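J.: Please work out how this folds:
(chains A, B, C and D)
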Protein chains: 2
Amino acid sequence: MKTHRMSDQPCFALYSAVNAITRAYRPLLDPLDLTYTQYVVMMTLWEQDGVDLRTLAERTHLDPPTLTPVVKRLEGKGLLHRGRVPGDERRLVLTVTEAGRRLRQEARDVPEMMLCQVGLSPAEERQLRALCDQIRHTLATGRRPPDAAAANPPAGKHQGRP
Amino acid sequence: MKTHRMSDQPCFALYSAVNAITRAYRPLLDPLDLTYTQYVVMMTLWEQDGVDLRTLAERTHLDPPTLTPVVKRLEGKGLLHRGRVPGDERRLVLTVTEAGRRLRQEARDVPEMMLCQVGLSPAEERQLRALCDQIRHTLATGRRPPDAAAANPPAGKHQGRP
DNA sequence: CTCCTTCTGTTCGCGCGCTAATTATTAGCG
DNA sequence: CGCTAATAATTAGCGCGCGAACAGAAGGAG
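T.: Numbers count the residues shown, from 1 in each chain, chains lettered A, B, ... in the order given. Below you'll find the model as predicted:
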């Protein structure tokens, strides 16, 4: 019988690391009056706004029911505008306001400060990002990406689909 | 100016991967009537019970205010007992019940099924665990572990402490 | 013994993150 | 045109995860 110790589980390591990162982000984001999720949403909209809620959900990998209250709070802070597509009253149009663009300048050093706090080398960052993206992709599609399947055979016998 | 695209941020990759993992765990844990956090707590107590809340908090890397309602729900399901140290009414003693031990058998395949779903090779698992443990340790102690500091110089100039 | 400090656990308040159900609007089809 | 199906967003309900404030028991100095 294998160990099955909690500390040996990669998922638990990930889970604990993310909790630690969220704690570490708080002091950086408190001066901006943002939570980490709100920061993720703003960062996504800074890249490209004028999108609807579903598009935002796909780009953040979050669900619409999670995002609805988040964007409402961000609208309440005056950082974005929740409009509707003219001609289709169902679809939202999320637009960053002038205040939201100003906040972008205040937040411009956050990613680099965060990277330094987690203390990874550039090579380790790339490794970690690749592994996490692979996990997310595998779980989202239900199978491994074809290129990784050849190079790195998975561990056990409980394949999700044969 | 560097990219600062959301998809380039290792922290965002971690955050999204953990959300995906939590979603993936749900169908595995629903038959056991456990959430992922409850599963983590039970797994930790299966390793060693008879501990107090602070010890459980250290081993799960969670806070007492998070764990109090979790262990109360687990007690409500009859999986563990919340007693007090005789002679020190402050300290809890968390003990797995007979039903809790039975659940351990039902849950014995969960870790392996989970590992297969995330689709990592054993080597990738080790890499990921090492990176996550390093992040958590760095953020918890405020500096990098001495061995890693020599081998992998960190990226930028915003060192938390000089 | 009494005050005061320390330690353990709990409560409070807020913001996610998700599933399921609901509402409102549009598209499609006869 | 009118009915139905679809689509987009929201609401409802639950369980974290955490900082801050609190309650109560134990320990220690005078």
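J.: alpha carbons only for contacts and neighbour counts from here, please
T.: Will do.
J.: does stretch A:121-137 come close to DNA strand C?
T.: No. Between stretch A:121-137 and DNA strand C, judged by Cα under 7 Å from any atom of the strand, nothing touches; the nearest distance is 10.7 Å.
J.: is chain B contacted by that stretch?
T.: Yes. Counting by Cα under 8 Å from any Cα of the partner chain, chain B is contacted by stretch A:121-137 at A:S121, A:P122, A:E124, A:E125, A:R126, A:L128, A:R129, A:L131, A:C132, A:D133, A:I135, A:R136.
J.: Stretch A:32-42 near DNA strand D at all?
T.: No. Figure legend: stretch A:32-42 not in contact with DNA strand D (Cα under 7 Å from any atom of the strand); closest approach 10.2 Å.
J.: which residues in chain A form helices?
T.: A:10-29, A:36-47, A:53-60, A:64-76, A:98-106, A:110-118, A:122-141, A:146-151 (DSSP state H).
J.: Which of these sits closest to B:K77?
T.: Among the helices of chain A, helix A:10-29 comes nearest to B:K77, with 23.2 Å by Cα to Cα.
J.: which of the residues in the closest one are buried?
T.: A:10-22, A:24-25, A:28-29 (16 or more other Cα atoms under 10 Å in any protein chain shown).
J.: Got phi/psi on A:H61?
T.: phi 60, psi 30 (degrees, to the nearest 10).
J.: contacting residues for it?
T.: Listed by Cα atoms under 8 Å, 6 or more residues apart in numbering or on different chains, the contact partners of A:H61 are B:S16.
J.: how close does it sit to A:V18?
T.: According to Cα to Cα, to the nearest Å, A:H61 and A:V18 sit 15 Å apart.
J.: again with A:G76
T.: From A:G76 to A:V18 the distance is 27 Å (Cα to Cα).
J.: Please apply the same query to A:L34.
T.: From A:L34 over to A:V18 the distance is 17 Å, taken as Cα to Cα.
J.: re earlier: and chain B, which of the buried residues of helix A:10-29 contact it?
T.: Checking those against chain B (Cα under 8 Å from any Cα), the matches are A:P10, A:C11, A:F12, A:A13, A:L14, A:Y15, A:S16, A:A17, A:V18, A:A20, A:I21, A:A24.
J.: Could you export the residues you listed as CSV, including pLDDT and distance to A:L103?
T.: Shown next, in CSV, are those (pLDDT from 0 to 100; distance: Cα to Cα, whole Å):
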residue, pLDDT, distance to A:L103
A:P10, 95, 36
A:C11, 96, 34
A:F12, 97, 34
A:A13, 97, 33
A:L14, 97, 30
A:Y15, 98, 29
A:S16, 98, 30
A:A17, 98, 27
A:V18, 98, 25
A:A20, 97, 25
A:I21, 97, 22
A:A24, 95, 20
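J.: how about the residue positioned nearest the centre of chain A, what does it touch?
T.: With distances taken as Cα atoms, centre = their mean, A:T60 lies nearest the centre of chain A, 5.1 Å away. Taking Cα under 8 Å, 6+ apart, we find A:T60 in contact with A:V40, A:V41, A:T44, B:S16.
J.: How about A:A140?
T.: B:A20.
J.: ok, now with 10 Å
T.: A:H61, A:Q134, B:A17, B:A20, B:I21, B:R23, B:A24, B:V118 (Cα atoms under 10 Å, 6 or more residues apart in numbering or on different chains).
J.: any idea how far it lies from DNA strand D?
T.: As judged by Cα to the nearest atom of the strand, to the nearest Å, A:A140 and DNA strand D stand 18 Å apart.
J.: Where does the prediction get shaky in chain A?
T.: Within chain A, the stretches with pLDDT under 70 are A:1-3, A:143-162.
J.: Quick check: residues of it near DNA strand D?
T.: For chain A, the contact set with DNA strand D under Cα under 7 Å from any atom of the strand comprises A:19-20, A:22-23, A:52-55, A:64-65, A:67-69, A:90-93.
J.: Whichever of these end up buried, select them in ChimeraX.
T.: Per 16+ other Cα under 10 Å, the buried members of the residues of chain A next to DNA strand D correspond to this ChimeraX selection:
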select /A:19,20,22,52,53,67,92,93
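J.: Also within reach of DNA strand C: list those from the residues of chain A next to DNA strand D.
T.: Within those, those near DNA strand C by Cα under 7 Å from any atom of the strand are A:P65, A:L67, A:P69, A:R90.
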